[in-house]
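1. Structure for the following, please:
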Amino acid sequence: MFNWLSLLTGFFYIVLGVVVILYKFFIIILEPNVAYMLGALLIAYGIFRIVRGIIRIKNND
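-> Next up is the predicted model:
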């Protein structure tokens, strides 16, 4: 169950990163450079969560 939840969480981090980049808003209004860096960091973490979840699912099978 945790592995599938990790995939879902990773997807939501990617979506949140895209939203931060597009709207430049995350709790407060962000400067464009900060929004790009935070968005990229959220997207990278989302990809990390998805890859880690896929690896764990393959190892459990």
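
2. which helices and strands does the worst-scoring helix or strand of the chain on mean pLDDT pack with?
-> Taking mean pLDDT, DSSP states H and E as the measure, the helix or strand of the chain with the lowest value is strand 25-26, at a mean of 80. Secondary-structure packing of strand 25-26 (3 or more CB pairs under 8 Å, 6 or more residues apart in numbering; DSSP states H and E): helix 32-60. Any C-beta I mention is one placed from the backbone N, CA and C, and that applies to glycine too.

3. pLDDT on the helix it packs on, on average?
-> In this model, helix 32-60 has a mean pLDDT of 94.

4. Which strands or helices does that helix pack on?
-> Using 3+ CB pairs under 8 Å, 6+ apart: helix 32-60 touches helix 2-23, strand 25-26.

5. so how far is it off the chain centroid?
-> Counting by CA atoms, centre = their mean, to the nearest Å, helix 32-60 is centred 5 Å from the centre of its parent chain.

6. got the buried residues for that helix?
-> 35, 38-39, 42-43, 45-46, 49-50, 53 (16 or more other CB atoms under 10 Å).

7. Centre of the chain to stretch 27-45, how far?
-> 11 Å.

8. hang on, I meant stretch 48-61
-> Its chain's average C-alpha position is 16 Å from that of stretch 48-61, according to CA atoms, centre = their mean.
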